[in-house]
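# Sequence and predicted structure, then a few things I'm wondering about:
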Amino acid sequence: MRIGLMTDAYYPQIGGVSTSTSLLNEGLQRRGYDSFVVTTTDPDQPEYEEDIYRAISMPFFSAKRMTPSFHPILKRQIGERGLDIVHTQTEFGIGNFGRQFAKNNDLPHVHTFHTLYEDWLNDQLRAKKGGIKRKLIHRYVRKVSRYFCNTADIVIAPTEKTKRVLCTYGVKVPIRVIPTGIDLHRFYKAKDNLEARVNLRRQYGVGDSDRLLLYVGRISQEKQIEKLTHYITKRMPLWPQIHFMLVGAGPAANKVQEIIDESPCKERIHVIGPVLMENVPQYYAAADLFLSASQSETQGLTYFEALASGLPLLVQEDACLDGVLNEENGLSFYDETSFDLGLTMLLTESDEKRALRTQAALKKAHEFGVTTFVNNVLAVYEEAFDLKSRTQKVSV
């Protein structure tokens, strides 16, 4: 089977779409499938890449890239290589290129809907709640998402939450829920490297008996990172043993830094910025607890990564946590008071209870391995072939 994965977001861009697409491509190739990625150019892309086709692009919002959907040279290259199925990951330039390629060649088309664009665009365009700009964004996102998804044979949604959103948009084609997988062994390996854990903690002045609280992800408004930082800074004077570390970059970085600069405990808050993907597991392994206040997740990859590192979760209530968070591997909060109660409980638990939480985290993470992910996607491909075959027979 020859599989084309079409995405506007790919390495060296950091994000859930890049990670998901890369893992799927690698997993398919390990299984012997002829898969490749079609994506945009990037000034930081490697000099040599295998099975990656890039279309000329230009800068867009927040380190993202933009390209038109018309690429005749790329179309010829892919046509010469041959393709059996198109799997798009985004709904714009390269996504539209893949959609049109599938249509013109009568190929099965599977689409994964990764991003809730309303939250992202509201953040990028600073749309005020209840304002006309936010209403226009809502209308535009629904229209574009509905149209694109309904041109596919099957849509993959990473969570039931995403599936419900697509249904409200008016998506009528079959929707299959497949959680995005992660390479568990990368995180297991980092977790077992105790020397690296100690060294990284010492680098930032975190002692052996201190508790390191970690956030990994975009530093942006839709992740509610300012709220989370406010919650933490207000409680740090009461907990002299806790440190807070933020790994990632984004448009809200300056606002977050302003909050930190005003804190009397700013020496215990560590803003790392963006890190290479291969180094991310080291930061999880160095931490004791994972935090997030985001309610804009469609995949929740950082939750899976934290669990694979044995970290309990303290996260904002959200539908994407269904089937991920349970009483054993962490706690959720819905306001500042419940955050305070959850943090207090997790910080004051006995060593025995903490060990049980680590075991529960690792057990849950096992459900999100890349092998299960690839198997589930392959089953959708087979379903798409069957649907396309039946459609072709009816048209004849």
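Nice, I can see it.
# Which segments of the protein make up each domain?
What the record gives for the chain is the domain set 2-181+370-395, 184-368, from automatic domain parsing.
# If I average pLDDT within each of those, which one is lowest?
Taking the mean pLDDT of each of those, the lowest value is held by domain 2-181+370-395, a mean of 91.
# so how far is it off the chain centroid?
14 Å (CA atoms, centre = their mean, to the nearest Å).
# For Lys363, see how far away the closest residue to Tyr188 other than its chain neighbours is.
Spatial nearest neighbour of Tyr188, excluding adjacent residues (CB to CB, 6 or more residues apart in numbering): Ala308 at 6.9 Å. C-beta here means a position set from N, CA and C on the backbone, and glycine is covered the same way. Applying CB to CB, to the nearest Å, the value for Ala308 to Lys363 is 11 Å.
# which of the two has more neighbours?
Residue environment comparison for Ala308 versus Lys363 gives the larger neighbour count to Ala308, 26 against 13, counting by other CB atoms under 10 Å.
# right, and that one touches Gly181 too?
No. With contact defined as CB atoms under 8 Å, Ala308 does not reach Gly181; the gap is 10.6 Å.
# Can you check which residues contact both of these two?
Phe368 (CB atoms under 8 Å, 6 or more residues apart in numbering).
# What residue, apart from its backbone neighbours, is nearest Phe339 spatially?
Ranked by CB to CB, 6+ apart and with sequence neighbours excluded, the top spatial neighbour of Phe339 is Phe333, at 4.0 Å.
# residues touching that neighbour, list them.
Each residue near Phe333 by CB under 8 Å, 6+ apart is listed here: 314-317, 339, 341-342.
# ok, 10 Å please
Counting by CB atoms under 10 Å, 6 or more residues apart in numbering, Phe333 touches 231, 291, 293, 314-317, 339-343.
# Pull out the buried members of those.
For the contacts of Phe333, burial is judged from neighbour counts taken by 16 or more other CB atoms under 10 Å, and it is met by 231, 291, 293, 314-316, 339, 342-343.
# about what we covered before: show me the contacts of Phe333 that map onto strands.
With strands defined by DSSP state E, the entries of the contacts of Phe333 inside them are 291, 314-316.
# for these, which one is nearest Glu26?
Minimum distance to Glu26 across these is 28.0 Å, recorded for Val315 (CB to CB).
# what about the strands in the stretch 51-200 of the chain?
Assigned by DSSP state E, counting those that start in this stretch, the stretch 51-200 of the chain shows strands spanning 52-55, 58-59, 65-66, 85-88, 109-112, 154-157, 175-177.
# Ala9 is in contact with Glu91, isn't it?
No. Using CB atoms under 10 Å, Ala9 is not in contact with Glu91; the gap is 11.2 Å.
# Which residue of these two possesses the greater neighbour count?
Neighbours per residue (other CB under 10 Å) separate Ala9 from Glu91, with Ala9 holding more: 26 against 22.
# Helices along the stretch 101-250 of the chain, start to end?
The residue ranges that make up the helices of the stretch 101-250 of the chain, judged by DSSP state H, counting those that start in this stretch, are 117-124, 132-150, 160-169, 184-192, 194-203, 225-235.
# Would you format these as a markdown table with distance to Glu278 included?
Output for the helices of the stretch 101-250 of the chain, formatted as a markdown table (distance: least, CB to CB, whole Å):
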| stretch | distance to Glu278 |
| --- | --- |
| helix 117-124 | 26 |
| helix 132-150 | 32 |
| helix 160-169 | 28 |
| helix 184-192 | 8 |
| helix 194-203 | 13 |
| helix 225-235 | 24 |
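# Kindly state which of those is positioned closest to Gly82.
helix 132-150 (24.7 Å).
# Can you spell out which helices and strands pack onto that closest one?
In terms of contacts (3 or more CB pairs under 10 Å, 6 or more residues apart in numbering; DSSP states H and E), helix 132-150 is packed against helix 93-104, strand 109-112, helix 117-124, strand 154-157, helix 160-169.
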